[in-house]
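> No letters, just coordinates:
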């Protein structure tokens, strides 16, 4: 009997067991998993920017404390974190948002959103499980496509913008 009660208490604290709906879990994680600020106790944002000149990466100017599922973690700053080639190729004449997040292991990850003809139609992808969003970058291609991890984004595109996040936006409008 006590093992049943013990499992019930754990389930109450575990979002994955308490909410069978993936959409509900992602919404809760998007609200709760957030940046706390710099590791020295002051608040600042990630400071996303282009990586070193001529590379296919991005920079994260500030080391951050962040929360994932109620636990505090610390992420490091990156002068030039390569964008993975596994994100594939973005077509010509479109917009796409790429989410940047830290995981529970401190790894910086990238998630590709949808491609759209206009900026209003390009949405941030869902926050991956056990991740904290720290920002995103937007790429608008012109006559040439963008291939993730190959060449600096600014040279392959007509527009690149970098934006910091504290948590996932509730709405993008």
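Happy to help now that I have it. If you're wondering where the values come from, they're calculated on a predicted model, not measured in any experiment.

> for this structure, which spans come out with low pLDDT?
Low-confidence segments of the chain, defined by pLDDT under 70: 1-20, 25-26, 30-31, 38-41, 53-55, 151-159, 171-173.

> quick one: the helices in it?
With helices called from DSSP state H, the chain shows them at 2-13, 15-18, 22-32, 153-156.

> How much space separates residue 77 from residue 45?
12 Å (C-beta to C-beta, to the nearest Å). Heads up, the C-betas are built off the backbone N, CA and C, glycines and all.

> Compare the two and say which is more crowded by neighbours.
Taking neighbours as other C-beta atoms under 10 Å, residue 77 and residue 45 compare with residue 45 leading, 18 against 15.

> for residue 125, what are its contacts?
97, 99, 111-114 (C-beta atoms under 8 Å, 6 or more residues apart in numbering).

> Name the nearest of those residues relative to residue 166.
Of all the contacts of residue 125, residue 166 sits closest to residue 99, with 13.7 Å by C-beta to C-beta.

> tally of neighbours for the closest residue to the closest one other than its chain neighbours?
Excluding the flanking residues, the one nearest residue 99 by C-beta to C-beta, 6 or more residues apart in numbering is residue 111, at 4.4 Å. Here the count is done by other C-beta under 10 Å, and residue 111 has 18 residues near it.

> Since that was my last question, I'll sign off now.
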